[in-house]
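pasting the structure only:
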């Protein structure tokens with residue numbers, strides 16, 4: 001393994017820096033990725049994923065209409081429709097509790113990451129065997 005030693009002037013310590021590409025590969029998941037992996041495990045059922053995608057779309061449409069009209073009412077309706085779709089997906093298809101009950105902010109962020117992965121083709125709404133997000 002090739003290493004170069006650098007000195008940290010502020011702490012007067014030496015830190016080894018690897019020159020090998022193998023050493024640059026990250027072996028541990030970040031906390032965000034670990035939660036997203038958990039989130040995807042909670043969304044294995046294709047009907048649940050489809051309902052989440054529809055719900056997120058309703059939320060985004062509500063946001064767009066709120067911006068256009070200057071009224072908060074469409075946003076509230078979009079959020080309500082979004083959560084209704086998601087919860088139906090969990091209670092009737094996935095048969096689990098939504099992650100948003102325990103982790104509301106992380107789940108909200110992961111839902112839009114999942115939405116983005118569907119749009120980019122990294123997650124399938126047809127069959128999980130086509131998933132590339134992991």
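Received, thanks. Since the structure is predicted, the reported quantities are computational estimates derived from the model, not experimental observations.

name the nearest residue to the residue positioned nearest the centre of the chain, sequence neighbours excluded.
Geometric centre of the chain, nearest residue: residue 110, 2.5 Å, by Cα atoms, centre = their mean. Nearest residue to residue 110, sequence neighbours excluded (Cβ to Cβ, 6 or more residues apart in numbering): residue 39, at 4.1 Å. Quick note: C-beta positions are derived from backbone N, CA and C, even for glycine.

tell me, how many residues neighbour that neighbour?
19 (other Cβ atoms under 10 Å).

pull the contacting residues for it.
Shown in contact with residue 39 (Cβ atoms under 8 Å, 6 or more residues apart in numbering): 99, 106, 107, 110, 111, 114.

I'd assumed it was in a helix, is it?
Yes. Judged by DSSP: H, G, I helix; E, B strand; the rest coil, residue 39 forms part of a helix.

mind checking pLDDT for it?
On pLDDT, residue 39 comes in at 95.

so how far is residue 85 from it?
16 Å (Cβ to Cβ, to the nearest Å).

so how far is residue 108 from the nearest residue to residue 38 once chain neighbours are set aside?
The spatially closest residue to residue 38, leaving aside those adjacent along the chain, is residue 99, at 7.4 Å (Cβ to Cβ, 6+ apart). For residue 99, the distance to residue 108 equals 10 Å [Cβ to Cβ].

which one of these two has more residues nearby?
residue 99 (21 against 16).

how close does that one sit to residue 74?
For residue 99, the distance to residue 74 - Cβ to Cβ - is 26 Å.

same question for residue 124.
Using Cβ to Cβ, residue 124 is found at 30 Å from residue 74.
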